[in-house]
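> All I have is the shape, not the residue letters:
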């Protein structure tokens with residue numbers, strides 16, 4: 001029982017702080033690395049050879065490669081990120097408009113079918129309204 005080890009004494013608060021700091025910096029580094037890789041592939045102005053060269057440079061010398069990429073092309077990274085977000089928003093808005101329009105068409109067709117079944121519309125009037133609605 002006299003050989004008990006006090007872990008708190010062996011690992012002081014400052015050591016815990018530095019451990020958390022290094023983990024935080026490692027996570028920040030990984031996020032930055034992945035953002036640079038995504039930016040390389042997102043850039044449509046850069047040709048394939050330039051992309052390959054940047055990738056090889058970042059794989060061989062990661063810290064220096066990312067630092068140089070941010071210095072050389074960092075200004076346009078934000079522009080490409082904003083452009084990508086705008087394209088996604090436009091695609092989402094178009095999908096919502098298309099879906100809402102499709103739902104309205106289905107409701108209109110159901111209403112026309114109900115009017116035809118009641119006898120308020122003839123078969124010819126129903127076909128004309130349906131063709132107009134679907135075109």
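Structure's in. What do you need? Worth saying up front: this structure is predicted, and the values here are computed from it rather than measured.
> just checking, next helix/strand downstream of the longest helix anywhere in the chain?
Using DSSP state H to define each element, the chain has its longest helix at helix 62-118. With elements assigned by DSSP states H and E, the helix or strand that comes after helix 62-118 is helix 123-134.
> hang on, residue 57 packs against residue 65?
Yes - at 4.4 Å, residue 57 counts as touching residue 65 under the criterion of Cβ atoms under 8 Å. To be clear about C-beta, it is placed using only N, CA and C from the backbone, and glycine gets the same treatment.
> Show me which of those two is the more surrounded one.
The residue with more neighbours, out of residue 57 and residue 65, is residue 65; 18 against 15, by other Cβ atoms under 10 Å.
> pLDDT weak spots in the chain?
Scanning the chain for pLDDT under 70 picks out 1-11, 102-104.
> make it 80
1-13, 99-107, 133-135 (pLDDT under 80).
> what do residue 57 and residue 65 both touch?
Common contact partners of residue 57 and residue 65 (Cβ atoms under 8 Å, 6 or more residues apart in numbering): none.
> elements contacting the longest helix of the chain?
helix 13-42, helix 48-60, helix 123-134 (3 or more Cβ pairs under 8 Å, 6 or more residues apart in numbering; DSSP states H and E).
> what's the angle from that helix to helix 123-134?
170 degrees (axes from the mean of the first three to the mean of the last three Cα atoms, to 10 degrees).
> So which bits of stretch 32-51 are buried?
Of the residues in stretch 32-51, 36, 37, 39, 40, 43, 46 count as buried by neighbour count, 16 or more other Cβ atoms under 10 Å.
> possible to save the residues you listed as a markdown table with distance to residue 100?
Below are those laid out as a markdown table (distance: Cβ to Cβ, whole Å):
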| residue | distance to residue 100 |
| --- | --- |
| 36 | 38 |
| 37 | 37 |
| 39 | 34 |
| 40 | 37 |
| 43 | 34 |
| 46 | 38 |
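> so how many other residues sit close to residue 58?
19.
> What's the separation between the nearest residue to it once chain neighbours are set aside and residue 42?
The shortest distance from residue 58 to any non-neighbouring residue, by Cβ to Cβ, 6 or more residues apart in numbering, is to residue 65 (3.6 Å). Counting by Cβ to Cβ, to the nearest Å, the separation of residue 65 from residue 42 is 17 Å.
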